[in-house]
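Peer 1: sequence-free structure coming up:
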């Protein structure tokens, strides 16, 4: 039991195990009285003030991860394994490129993007 005396009066604080509570009066028995005195040079007043912490630096981009013939990057999210590639987070290229393979819708033969007709069956190709 702690008795705190202030200009407003007495306050009693009961501490029991991990429980703390306020009570209006001091119990009559079962407690030992200890005298405490206020000192002018308390340790808290002599401690130096702490400097404010600096803000954290932003995280550096994650380096590409590699394992065997597989490589993965995070921005944009991209994964390569051998000659296969998967990508998320960046706009897909519009239109066809010269490396894009095209096939005839009639016979399935490989055709070039610049071809107007299939060289195998003569079918008119869409552009």
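Peer 2: Done, it's in. As the structure is a prediction and not an experimental result, all values here were calculated from the model.
Peer 1: CA only for contacts and neighbour counts going forward, please
Peer 2: Will do.
Peer 1: confidence score at residue 120?
Peer 2: Note on residue 120: pLDDT of 88.
Peer 1: Would you mind measuring from the residue nearest the centre of the chain to residue 89?
Peer 2: The residue lying closest to the centre of the chain (Cα atoms, centre = their mean) is residue 59, at 10.2 Å. The gap separating residue 59 from residue 89 is 19 Å, by Cα to Cα, to the nearest Å.
Peer 1: Over to residue 119?
Peer 2: For residue 119, the distance to residue 89 equals 38 Å [Cα to Cα].
Peer 1: Also residue 55?
Peer 2: From residue 55 over to residue 89 the distance is 29 Å, taken as Cα to Cα.
Peer 1: One more: residue 68?
Peer 2: In this view, residue 68 and residue 89 are 24 Å apart by Cα to Cα.
Peer 1: Which one of these two is surrounded by more residues?
Peer 2: Each of residue 68 and residue 89 has its neighbours counted (other Cα atoms under 10 Å); residue 89 has more, 10 against 7.
Peer 1: didn't the more buried one look like it was pressed against residue 74?
Peer 2: No. Counting by Cα atoms under 8 Å, residue 89 does not reach residue 74; the two are 9.4 Å apart.
Peer 1: For this structure, which segments are assigned as helices?
Peer 2: For the chain, applying DSSP state H gives helices covering 43-46.
Peer 1: buried sites along the longest strand seen in the chain?
Peer 2: Taking DSSP state E as the criterion, the chain has its longest strand at strand 9-16. Under the neighbour-count criterion of 16 or more other Cα atoms under 10 Å, strand 9-16 has 12-13 buried.
Peer 1: Packing partners of that strand?
Peer 2: strand 2-6, strand 19-23 (3 or more Cα pairs under 8 Å, 6 or more residues apart in numbering; DSSP states H and E).
Peer 1: How about residues contacting the last one?
Peer 2: The one in question is strand 19-23. 11-15 (Cα atoms under 8 Å, 6 or more residues apart in numbering).
Peer 1: Tell me which two of those sit farthest apart.
Peer 2: Greatest spatial distance in those: 11 and 15, 13.1 Å, computed using Cα to Cα.
Peer 1: Many thanks, have a good one.
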